[in-house]
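Undergrad: here you go, sequence then predicted model.
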Number of protein chains: 2
Amino acid sequence: MIDFDAPSRRDLLAAIGKAGGAIAMYQAMTALGHAAPTQFAGPPKLSGTRKGASVVVLGSGLAGMVAAYELIKAGYTVTILEFQDRPGGRNYTVRGGDVIKEVGGAVQKCNFAPGNYLNPGPWRIPFHHQAVLHYCQELGVALEPFIQVNMNGYVHSEKVYGGKPQRIAEVGVDFKGHVAELLAKATNKGALDDTVSTEDKQKLLEAMRGWGLLNKDMAYTSSLQTSAQRGYDRPPGGGVNGAPTPSQIAGLSDVLDQRVWGTVSGFFNRTQQLTMFQPVGGMDMIGKAFAKRLAGKIKLNSKVSKIAQDDSGVTVSYEDVATGKKSELKADYCVCTIPLTILSQIEVQVSEPKQTAIKSLPYHSSCKVGLEMKRRFWEQDEQIYGGHSYTTQSISEIAYPSYGFFKPGPAVLLGAYAGGAAAYQFGGMTPAERIETALKQGSVFHKQYREEFSNGVAVAWSRLPWIQACASTWSDDLRKVHYQNLVSLDGRIVLAGEHCSYIGAWMEASLLSSIDAITRLHQRALAA
Amino acid sequence: MIDFDAPSRRDLLAAIGKAGGAIAMYQAMTALGHAAPTQFAGPPKLSGTRKGASVVVLGSGLAGMVAAYELIKAGYTVTILEFQDRPGGRNYTVRGGDVIKEVGGAVQKCNFAPGNYLNPGPWRIPFHHQAVLHYCQELGVALEPFIQVNMNGYVHSEKVYGGKPQRIAEVGVDFKGHVAELLAKATNKGALDDTVSTEDKQKLLEAMRGWGLLNKDMAYTSSLQTSAQRGYDRPPGGGVNGAPTPSQIAGLSDVLDQRVWGTVSGFFNRTQQLTMFQPVGGMDMIGKAFAKRLAGKIKLNSKVSKIAQDDSGVTVSYEDVATGKKSELKADYCVCTIPLTILSQIEVQVSEPKQTAIKSLPYHSSCKVGLEMKRRFWEQDEQIYGGHSYTTQSISEIAYPSYGFFKPGPAVLLGAYAGGAAAYQFGGMTPAERIETALKQGSVFHKQYREEFSNGVAVAWSRLPWIQACASTWSDDLRKVHYQNLVSLDGRIVLAGEHCSYIGAWMEASLLSSIDAITRLHQRALAA
């Protein structure tokens, strides 16, 4: 943040306070650095660790690994127990050769070409997720821009435009044009005279004219002026035949469709605002970088069955799922990052309110389908480089890869990102049916789909045995009753993970939750 | 474009025409591929060239080089005469060690660290500039995303917010919130009952509620809901203190400022829509790639003084500005890409209307200032990764580099991009004064500016001896009189360059203009 030195800053605020009153004062404070983009305040400062103190960490997702990484730095002896045969948890990338085993027995083997991948879980990092960005730097994870907004992607709604996909630029410009025309019309009728001052009324009309591209009669029309934003029928060129011809705007009814304004508004969502990043080579480069620093500390294939504690320490019972061998691990403290869908099935010796919280939080699912196409037809034929095309169908959207632009050869696009009820519909299908559904629905955007399709994988989170869901779903009511009970330190045990946050299904949630948890655990250890 | 086969496409259109009338029909045609994003239809197909036919190309900017490149491929013998001591023209990148000499005698030596650069001319490539993207692929120029939109950049207007910069996300969300609230209010008062159908009225209210984030009373207010787009005072986090607090919205008057709605609307401008690209390492990688293919064909330091033609060919008189030696070059044809600011000072044997056109087209100027800072404080302190901050001051904006994200050490930001009258104000200053002005004005955004500043260069296009301007400025009236006269083939001479286009100061203009010009020249040559 802008770091004004205290005295001059105070003087300035005082002057603004006198001149503009409380609201101007508040705004000035915000601009001067009061509003923070992140709760991340740097890695935890853990000092004074008692020699020989030990922590068992359950789960090697980002929450578990950042806990282990920082606790080891602070001097603790740490062991991580991980159920899967790989570290990373939901920080997960599927590549050619990878095998996906589901509850119910379905097995998929991914056949993507080398270099291609699908991120079934997290796939983008907002600029304000400073904890993720910090650890990427600290661990040497290379980042590249993630193309979240591409105005040349499509919007498809079954209800409007005759069901034909439109370019996002077209519907976005038409939407603001119609809104501007209507507001100008109402303003000129005097409908807002009791709300808007005379001075603001003139400014409002000018704003509508400029923002909405209205003509001299304050109308939004087909013209070269509006085409300069929404695109032309024939764009400007060079030489003898360089003159452009305008495109035809759509009518009001079409742009009032929820899929249209939802797309335009969605670009403003804080978690999806530009600039965004992704790790070069796949999201699991973050998990792999953590795991590299934790070499020898992670016991894979370890299924936890019981977490007990007493005055002297924590005892975790677990089974090696590869060999069937049962063991106990004792430590002074425990950081448990096991998702609640699984933890609620395990005996955990914590207070009744925490037990209730663990059992009370619902999770949602999600399904992503990765489709490898023989070539980048979306780039080569339709000038779409990254970004998304949105639809009212159950696949919800398709997304184009933000890496390997312009490259010949096969590429993987996200063929479905189903949430809500659709996620469970996809979960109920076989992998082949999910891919078929994605191909069928995605063909509404791209006639090339079937012909260019090579192979695919379909990751339904509700079917993954190690989590059986995607992420936690807090409601305001649930928070009031259970949140503090869930995150509180309970003797020698503390929970961490995205379920212990106000952020939800983002990697930043796991990291911030875990940093908070180990900071409190460390304070407890010092006080012991 | 989507390539529907003719019969089924016709059937579909007929069905839509019956069902939805003319407008639906038009929209369907557009969606099915009638509206093209570019006039580029691939490189020119020039066949049947007469053995030994020769062309002299004047100027080695992109227009001149693409002409030479394609004409040589077609079998012509080509020589390029270039005034400067480097090829590329306005496709230009300044790096450490480069020297900039101005009309008036000022000389700057750039001191940027290795790897850092300023693109004084073109600096970004829209997705629809398919000719540029095509030649980048053909010539092996690596591209990376150019971050055109960054919602975490600032907007500064001297008139509002007490003159304090606001984050683009804040003003953008507040603008649509207030617009939505006003339109909902007017709609509920019945002000649009004669314009909007009853059904659309309900949809309009729902759209305003969703798009504008209005509350249940249809008001735009400070809340967690609006903060989820504009940003929080304290954003959501993890653990015990994870709860967010909302930010304070700004009032209507502030968001009606032209700098605010101009920024929000500007992201929709076709030439600045996402996705955008830049060459890795600097824009002149394109010019260098062309020049590599044209090795031995470009005579540098060649100042043209006369272009004559008769029935047998073209004679170009020129002087080697390094040695003073005067020469003549004869060829069958001439492609002249010299900017009109210079060409209007040269004797050219073309028709009276073309001579008049050459002398009639005004040019505008531009000034860019590159500031090398000791570190990326905009990233490290303020979470700004690429994009722009906009101001009403004469620098117009500052732009953050779209390369080298997160790197330690010095980085170059664009400290001014002055156009209009401001470009000439900057041109009238010494380079040191331009840099001082950029530092002073840019400090409104970043208090770190002075302390972190290391060195800078200031390129005022009106002062560059080889062009003395930035680019052509056509008006509709000028086009009617002069455009076809300018671009027409005149005997054995044809003009090309951005001034011979409807696009203007973009590289795409130079390429498309030149492709059109050599296509016509080739037809003339075949007919000879």
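TA: Here it is on my side, so go on.

Undergrad: is A:Val264 located within a strand, as I assumed?
TA: No. A:Val264 is assigned helix when assessed by DSSP: H, G, I helix; E, B strand; the rest coil, not a strand.

Undergrad: list the contacts for it?
TA: Neighbour list for A:Val264: A:Val171, A:Gly172, A:Phe175, A:Lys176, B:Trp211 [criterion: CB atoms under 8 Å, 6 or more residues apart in numbering or on different chains]. C-beta coordinates here come from the backbone N, C-alpha and C atoms, glycine included.

Undergrad: mean confidence for the helix or strand containing A:Leu439?
TA: Taking DSSP states H and E as the definition, A:Leu439 sits inside helix A:431-442. Helix A:431-442 carries an average pLDDT of 98.

Undergrad: kindly report the same for stretch A:305-312.
TA: On average, stretch A:305-312 scores 97.

Undergrad: hang on, the earlier thing: other SSEs contacting the helix holding A:Leu439?
TA: strand A:367-373, strand A:411-418, helix A:449-452, strand A:453-460 (3 or more CB pairs under 8 Å, 6 or more residues apart in numbering or on different chains; DSSP states H and E).

Undergrad: farthest pair within the contacts of A:Val264?
TA: Across these, the longest distance by CB to CB is 12.1 Å; it joins A:Val171 and B:Trp211.

Undergrad: which among the contacts of A:Val264 end up buried?
TA: Among the contacts of A:Val264, those scoring as buried are A:Val171, A:Gly172, A:Phe175, A:Lys176, B:Trp211 (criterion: 16 or more other CB atoms under 10 Å in any protein chain shown).

Undergrad: of the helices and strands packed on helix A:431-442, which is nearest chain B?
TA: Proximity to chain B, assessed across these by CB to the nearest CB, is greatest for helix A:449-452 (11.0 Å).

Undergrad: wasn't A:Val78 part of a strand?
TA: Yes. According to three-state DSSP, A:Val78 belongs to a strand.

Undergrad: let me know the pLDDT of the nearest residue to it once chain neighbours are set aside.
TA: Closest residue to A:Val78 apart from its sequence neighbours, by CB to CB, 6 or more residues apart in numbering or on different chains: A:Ala68 at 4.6 Å. Model confidence at A:Ala68, given as pLDDT, is 98.

Undergrad: returning to that earlier point: hmm, who's touching the helix holding A:Leu439?
TA: With contact meaning CB under 8 Å, 6+ apart, helix A:431-442 is reached by A:102, A:106, A:108, A:367, A:369, A:371, A:391, A:393-395, A:398, A:415-416, A:426, A:429, A:449-450, A:453, A:456-458, A:460.

Undergrad: please list which of the residues you listed are also close to chain B.
TA: Restricting the contacts of helix A:431-442 to those within reach of chain B (CB under 8 Å from any CB of the partner chain) leaves nothing.

Undergrad: how near is whichever residue of the stretch 351-500 of chain A sits closest to chain B to B:Cys470?
TA: Proximity of the stretch 351-500 of chain A to chain B (CB to the nearest CB) peaks at A:Tyr385, 4.3 Å away. Plainly put, A:Tyr385 is 28 Å away from B:Cys470 if you go by CB to CB, to the nearest Å.

Undergrad: repeat that for A:Pro410.
TA: Distance from A:Pro410 to B:Cys470, by CB to CB: 43 Å.
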